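Q: heads up, no residue letters with this:
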């Protein structure tokens, strides 16, 4: 049980790092383009995901789930990408619905609303990805 708690704490630390990276990249695109809604915001979210997923894979593989077998790396990356991609598609759908379908509520700027939309998807990612990484992606690895 103690191992699982430490593993989740490490996962959480990497999650915080990924979140900061994600917000930084996403807001960089908004800052450079001046675009805060529409299909371009959906593209910003997708590109941000592609960068952050690669960063996340290496940290989760080596630091969180202690998977050092290079022979498994390709297989793990594919499983990691498919799982994370599935969760991300749900997130992109939620972000698109909130930003483009519902739109910013009265008194909230479109820029802030786009960031709130990203924030809303974080619990989906945390739960879905941790369970998937632990039981599907890095399942062959022994405990520390």
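A: Right, received. Where do you want to start? From a predicted model like this one, the values you see are computed outputs, not experimental measurements.

Q: can you list the residues that contact the lowest-mean-pLDDT helix or strand in the chain?
A: Sorting the helices and strands of the chain by mean pLDDT, DSSP states H and E puts helix 122-132 at the bottom, at a mean of 88. Under the criterion CB atoms under 8 Å, 6 or more residues apart in numbering, residues 8, 11-12, 15, 19, 83-84, 87-88, 90-91, 94 lie in contact with helix 122-132. Yep, even glycine has a C-beta here, placed from its N, CA and C like the rest.

Q: Just the buried subset of the residues you listed, please.
A: 11, 15, 19, 83-84, 87-88, 91, 94 (16 or more other CB atoms under 10 Å).

Q: Which pair of these spans the longest distance?
A: Largest separation among the buried ones among the contacts of helix 122-132 by CB to CB: 11 and 94, giving 21.6 Å.

Q: Next one: residue 144, what pLDDT does it get?
A: Note for residue 144: predicted pLDDT of 39.

Q: my bad, residue 15
A: pLDDT at residue 15 comes out at 89.

Q: Run through the neighbouring helices and strands of the one helix or strand residue 112 maps to.
A: Following DSSP states H and E, one finds residue 112 within helix 110-120. Where contact means 3 or more CB pairs under 8 Å, 6 or more residues apart in numbering; DSSP states H and E, helix 110-120 is packed against helix 2-33, helix 73-96.
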